[in-house]
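Asker: what follows is a predicted protein model with its sequence.
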4 protein chains.
Amino acid sequence: MSKTRLNVGVIGTGMIGKVHAENIAFRVPEVNLRSIADVNQQAVLDLAEQLHVSKALTDYHEILADPSIDAVAICSSTDTHAQIICDAARAGKHIFCEKPISYDLQKIDAALAIVNGTGVKLQIGFNRRFDPNFTRVRKAIVDGVIGEPHLIHIISRDPEPPTPEYCKTSGGIFMDMTIHDFDMARYLVGKEVVEIYAGGGVRIDPEIGKVGDLDTVLMMLKFEDGTLGTIDNSEKATYGYDQRVEVFGSKGAIHINNNYPNAAIISDGTSIRHDLPLYFFIERYANSYIAEVRAFAQAVLLEKPTLVSGLDGRVPVVMGLAARKSIDENRPVKLSEVDIARR
Amino acid sequence: MSKTRLNVGVIGTGMIGKVHAENIAFRVPEVNLRSIADVNQQAVLDLAEQLHVSKALTDYHEILADPSIDAVAICSSTDTHAQIICDAARAGKHIFCEKPISYDLQKIDAALAIVNGTGVKLQIGFNRRFDPNFTRVRKAIVDGVIGEPHLIHIISRDPEPPTPEYCKTSGGIFMDMTIHDFDMARYLVGKEVVEIYAGGGVRIDPEIGKVGDLDTVLMMLKFEDGTLGTIDNSEKATYGYDQRVEVFGSKGAIHINNNYPNAAIISDGTSIRHDLPLYFFIERYANSYIAEVRAFAQAVLLEKPTLVSGLDGRVPVVMGLAARKSIDENRPVKLSEVDIARR
Amino acid sequence: MSKTRLNVGVIGTGMIGKVHAENIAFRVPEVNLRSIADVNQQAVLDLAEQLHVSKALTDYHEILADPSIDAVAICSSTDTHAQIICDAARAGKHIFCEKPISYDLQKIDAALAIVNGTGVKLQIGFNRRFDPNFTRVRKAIVDGVIGEPHLIHIISRDPEPPTPEYCKTSGGIFMDMTIHDFDMARYLVGKEVVEIYAGGGVRIDPEIGKVGDLDTVLMMLKFEDGTLGTIDNSEKATYGYDQRVEVFGSKGAIHINNNYPNAAIISDGTSIRHDLPLYFFIERYANSYIAEVRAFAQAVLLEKPTLVSGLDGRVPVVMGLAARKSIDENRPVKLSEVDIARR
Amino acid sequence: MSKTRLNVGVIGTGMIGKVHAENIAFRVPEVNLRSIADVNQQAVLDLAEQLHVSKALTDYHEILADPSIDAVAICSSTDTHAQIICDAARAGKHIFCEKPISYDLQKIDAALAIVNGTGVKLQIGFNRRFDPNFTRVRKAIVDGVIGEPHLIHIISRDPEPPTPEYCKTSGGIFMDMTIHDFDMARYLVGKEVVEIYAGGGVRIDPEIGKVGDLDTVLMMLKFEDGTLGTIDNSEKATYGYDQRVEVFGSKGAIHINNNYPNAAIISDGTSIRHDLPLYFFIERYANSYIAEVRAFAQAVLLEKPTLVSGLDGRVPVVMGLAARKSIDENRPVKLSEVDIARR
């Protein structure tokens, strides 16, 4: 691409849309924020004023119709992702899309087929791949520092559960929360998962159970190379956002601790302590949201593959389907059982 | 009991028998080491000289026949435990017995029945229950500091795998190594496990696989109250003996780190580092071996229940049988499926 | 002030000038970068292009003459600071000035007198006051968490010594490096230092000694309230930038560790380790450079006092003079001995 | 020596005498506890019963007169140490003596002259030299891991201040508390201190000030090779016994943290914390008290020099005298000024 800066439109200005819009406006040198769109007119007008963006729209098609736009960031509700991907690809816009692409594998496959046909670039918003802790783990594995991976443990706990209302449309804990951990499992080990056994329950909020969701889940993963792993999710850790992984291999192990707002330790007559970790994903992953958009812009500008492909967006959805089936049938479920492409 | 000190005989002077004999001889004020027995005459003579013990025997029945003996510590090979328990109980001797009681539930049940009938005290050698790290975790749970447990993770990795020869008679990794972790799972959570799903492989030494054993295993446990847990075992951690647990609950979490030979941190041009953890169980649990024998002696002297009962010795064997069955059939296995008492 | 954004000119585009210019250009919403000036024409043109600034000047007086400019950031060489402060104050520009104001107390006092006369705001670049670690320590003291301070230790070590050439004009280690620690001592304890005893030597680079400077110094401070403290400076820590403090008080203590590029811990057959700390002040204090400029802009916009006053810039210079005199005479030196205002 | 076990008498059964007597009785294979003596008859009888020692005496001369006794451990009050050393040396008994030898250099020199004349072995009770943390620091320096030492910091804080009554006869904080740190400074760096500058105050208990003592002191040390150091003492750290050192050198640094009763970390809604450190010297240095007596016994049995010589007992007293003089005159004091041998 002969440009040095991408013109970007942001579609959807909810919580995560605001994060991306602000970063695109202020913190990523390779991009310009040109327009934003949201079905909620007041929200989009307010944000446009705050970010000094001139085009505030309610219909994302206007962004796609604008020839000055190079790329879009899709941050709308999950049920709209697949359609907007198709529309954007047909309009020749490069696409950054929040996870998950869809809860429906057929819709995912249809969208990816169109993307592949048009040749636009697509990057899925698995921001943890751009976090220094997780990249350090991946680097240790790639460098062979810990040898061949044997075991991996992922702990991912939220400080507060979602509302039962939210759970109704979130796709459930596996699609909404665990999906990041499914991505991490594949990314860190560098191998595909072939089987999942999941257990879970409603330990935090009975209302979440009433809408058919779980708030506490534990999974065991088998990878294609024999590596075994676990994912531990709780929707309420009283001490805050808990994001750790450990990979154990033939030559050693690497694990990461949480990130804290400061490195202070207080000692008094009761304990030796530090403050609680950074509160939630907005604070904890602030820099990775910037880094992923920079990486996307650089991939487009330098005509290189994006670092999180459409397939990377698809596989965790398959994993989520397998995990749910495992819960329902209380048995290990192979990914091939739920993947329409393999049936 | 009107005495202030127990006269003890040690049966079996292999590695763990030596540990107990030395502790009984030198470090536990409540006991006297009176006699030791081992089928290997030279070994028992050498140890007797080193510990200043006058009675060095090759036949444990002589210890049982000695009216001055109050209690025995059974440290012989696992296949002899059940029989010696029966013999000792009939001889009216209180019994401290190394784990596991047997690999055979019928033999365990027979031995426990005799113990119950005679009224002698029996304590199983689950020494980790006497380690300050694990007792601190248990205390946090009992005190309600972390609320109701939701999730537990046990990591237990050895610095070196056993020889394939050893594996032939050890009962396999679940009976030999995981059995301590099964005990910890029950002890820490304070609830019974009802179902186990196990995965595993041979990742370290193919010879271990040839004798039908595994060297790397991962388990998912379901407890009666809905708590979920994992146990992670590797027989070779290059960085040494790795003994950690984490319990997560409704009010918080507690985890333990490894113990180190010193609290020094070295910084230079390559890293910020500390030395490797205490090497293996002999070093890591040195004090817990003393503490468990003291606790046993105090239970006998003060006529209180022992802190690790015969049932506590039996349940982990059931868990080991379930784990093995789970591996063989690749499905979650209920403990009730393998427990003869519940069939 | 009725504006919502300050127009700022940056004077001096050396290493720290570039940091401020970039932050003002891209990362501080409350400011616009309007113009930059440096005696090195090529340097200023290059930076202007990189930051998309239209006015690249070689004479700072042009910035001062520009009526659209609200404030200046003085980042030129130390020997020019006092004069530019005077000029800027007379031009009615608010002033952010890098430390130290001058090595000469008379020049400092003259500059501060003019600033006071004109009523412009002045903030000195003691950026550590805006770092979350140091602010956490200060908060603990203000909140009374550690009670009344008794003892404070400041460790501040650089990864690489300056060149001997640099040392000739830097004002020496006390003025160039320790000056930040002098500021921290006053800021954290919240009391003035009354006496300093300094020791030091040339342990790293004999060439530094040849130009009359020291590369390793240790000081003992007495505060007005009886609190005692130390400052430890080395110009070469092989493991990188080492920035720690500890304050001990009647109710407890607080200390801070270094900041690291990630929270990963690697275990293998040699050690349990993490990577080296963030390399040097540019990396370590990146966010505090942003925060101090925001705070300056907010002070101007909201017409509040700046958080680092002219006096805060002056006292550490007095401390540096006392430390040097203590080295020369090997005795504790009272600040009143070297402070012209108190003679 | 042709024996394999030393017969030892313990003189003085106060707090530290009890520690040594119990260790000699139960935990050091190379020694037998033969007799104990104390001017307090009831105390010595009680302890003898508890430790199963047959000879409980009120006059230490009876121990010295007993030909079966090989060595004595002098644990009586400091003012009696020098005299008992002389008596024991003349009686041909090897001597383990608690620190300090005396507050009076003349008495120390007279006692050491007699010891040297008789050829008995003398070891001073600087137990920290036998603690794994401090030996690890020393090893790093000896191995050259941190290069040539440049800076050392010793922090040594007690959980509770002594009573003012105790301070009257303790020799003051420098002789009673700092003396261990003076020993550590010399031992760790492996060089002699040539000058001390001390500051201090009464921050904890005004009654301690009324008897002429200090409860909070800070010192700066200059070593013969240019290394600079600090010692930080407080008699009341609310969080418990704080025993840390840091040595910084040309190739890197080593520091030690405190020791804790367990390795547990608790996380809840308020903080991430661990329990307080081991409470005080009895708990913290329990193993070093055993190790120093073993080392003493081995030195005698194998006819090797003791690891803490009479000179090692003398120099810290000189340092204490210099520190006190520095406080009184508020100036750095050379050790040669207060050392009678160098005048």
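Answerer: That came in fine, so what should we check first? Predicted model only: the values in this text are computed from it and were never measured. Residues are numbered from 1 along each chain as shown, chains lettered A, B, ... in the order given.
Asker: contact residues of chain A facing chain B?
Answerer: Within chain A, the residues that sit near chain B (C-beta under 8 Å from any C-beta of the partner chain) are A:147-148, A:150-151, A:153, A:155, A:157, A:197, A:199-201, A:203-204, A:216, A:218, A:220, A:222, A:226, A:228-230, A:232, A:234, A:236-239, A:242, A:248, A:250-253, A:330-332. The C-beta positions use only the backbone N, C-alpha and C, and glycine is treated the same way.
Asker: try 6 Å this time
Answerer: A:150-151, A:197, A:199, A:201, A:203, A:216, A:218, A:220, A:222, A:226, A:228, A:230, A:232, A:238-239, A:251-252, A:331 (C-beta under 6 Å from any C-beta of the partner chain).
Asker: which residues in the stretch 151-300 of chain A form helices?
Answerer: A:164-169, A:173, A:179-189, A:206-210, A:281-284, A:286-301 (DSSP state H, counting those that start in this stretch).
Asker: return the most buried member of those.
Answerer: helix A:173 (a mean of 27; mean count of other C-beta atoms under 10 Å in any protein chain shown).
Asker: that helix packs against which elements?
Answerer: In terms of contacts (3 or more C-beta pairs under 6 Å, 6 or more residues apart in numbering or on different chains; DSSP states H and E), helix A:173 is not packed against any helix or strand.
Asker: which residues touch that helix?
Answerer: Outside helix A:173, the residues that touch it by C-beta atoms under 6 Å, 6 or more residues apart in numbering or on different chains are A:213-214, A:217.
Asker: now stretch A:14-31
Answerer: Against stretch A:14-31 from outside (C-beta under 6 Å, 6+ apart): A:5-6, A:8, A:10, A:33, A:36, A:51, A:73, A:75, A:98, A:289-290, A:293-294, A:297.
Asker: make JSON lines from the contacts of helix A:173 and add distance to chain D, neighbour count and pLDDT to it.
Answerer: Written out in JSON lines, the entries for those read as follows (distance: C-beta to the nearest C-beta, whole Å; neighbours: other C-beta atoms under 10 Å in any protein chain shown; pLDDT from 0 to 100):
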{"residue": "A:Asp213", "distance to chain D": "24", "neighbour count": "25", "pLDDT": "97"}
{"residue": "A:Leu214", "distance to chain D": "22", "neighbour count": "24", "pLDDT": "98"}
{"residue": "A:Val217", "distance to chain D": "20", "neighbour count": "27", "pLDDT": "98"}
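Asker: neighbours of A:Lys3, how many?
Answerer: Neighbourhood size, A:Lys3 [other C-beta atoms under 10 Å in any protein chain shown]: 10.
Asker: now do the nearest residue to it once chain neighbours are set aside, the pLDDT please.
Answerer: Closest residue to A:Lys3 apart from its sequence neighbours, by C-beta to C-beta, 6 or more residues apart in numbering or on different chains: A:Leu301 at 6.6 Å. The model reports A:Leu301 with a pLDDT of 96.
Asker: what's the distance between A:Leu301 and chain B?
Answerer: Per C-beta to the nearest C-beta, to the nearest Å, A:Leu301 is found 36 Å from chain B.
Asker: from A:Val31, how far out is that residue?
Answerer: The gap separating A:Leu301 from A:Val31 is 9 Å, by C-beta to C-beta, to the nearest Å.
Asker: domains for chain A, by residue range?
Answerer: The record's domain parsing of chain A by automatic domain parsing lists A:6-120, A:131-284+A:316-342.
Asker: got those domains as TSV, with distance to B:Lys107 columns?
Answerer: What follows is these, written out as TSV (distance: least, C-beta to C-beta, whole Å):
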stretch	distance to B:Lys107
domain A:6-120	53
domain A:131-284+A:316-342	32
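Asker: and of the contacts of stretch A:14-31, the nearest to B:Tyr166?
Answerer: Proximity of the contacts of stretch A:14-31 to B:Tyr166 (C-beta to C-beta) peaks at A:Tyr289, which lies at 52.1 Å.
Asker: now for that closest one: which residues touch it?
Answerer: Here A:Tyr289 is in contact with A:19, A:23, A:127 (C-beta under 6 Å, 6+ apart).
Asker: excluding its backbone neighbours, what's nearest the spatially most central residue of chain A?
Answerer: Against the mean C-alpha coordinate of chain A, by C-alpha atoms, centre = their mean, the closest residue is A:Phe126 at 3.4 Å. Closest residue to A:Phe126 apart from its sequence neighbours, by C-beta to C-beta, 6+ apart: A:Asp183 at 4.5 Å.
Asker: got it, and A:Lys168?
Answerer: Using C-beta to C-beta, 6+ apart, the nearest residue to A:Lys168 is A:Val211, at 5.1 Å.
Asker: is A:Ala82 in contact with A:Asp109, as I believe?
Answerer: No: A:Ala82 is beyond contact range of A:Asp109, at 9.6 Å (criterion: C-beta atoms under 6 Å).
Asker: compare these two (neighbour count), which wins?
Answerer: Using other C-beta under 10 Å as the criterion, A:Ala82 and A:Asp109 rank with A:Ala82 on top: 24 against 17.
Asker: would you agree that one falls within a helix?
Answerer: Yes: under DSSP: H, G, I helix; E, B strand; the rest coil, A:Ala82 sits within a helix.
Asker: for it, what are its contacts?
Answerer: So A:Ala82 contacts A:102, A:107, A:111 (C-beta under 6 Å, 6+ apart).
Asker: where's the residue located most distally from the centre of chain A relative to A:Phe130, distance?
Answerer: The centre of chain A is farthest from one residue, A:Gly269, which by C-alpha atoms, centre = their mean lies 42.1 Å away. Look at A:Gly269 and A:Phe130: by C-beta to C-beta, they are 42 Å apart.
Asker: next, count neighbours for the nearest residue to A:His180 once chain neighbours are set aside.
Answerer: In space, and not counting its chain neighbours, A:His180 is closest to A:Arg128: 5.9 Å by C-beta to C-beta, 6+ apart. Neighbour count for A:Arg128, taken as other C-beta under 10 Å: 23.
Asker: confidence score at A:Arg128?
Answerer: Note on A:Arg128: pLDDT of 98.
Asker: can you confirm it is in a strand?
Answerer: No: counting by three-state DSSP, A:Arg128 is not part of a strand but helix.
Asker: now do the contacts for A:Lys325.
Answerer: By C-beta under 6 Å, 6+ apart, A:Lys325 lies in contact with A:333, A:338.
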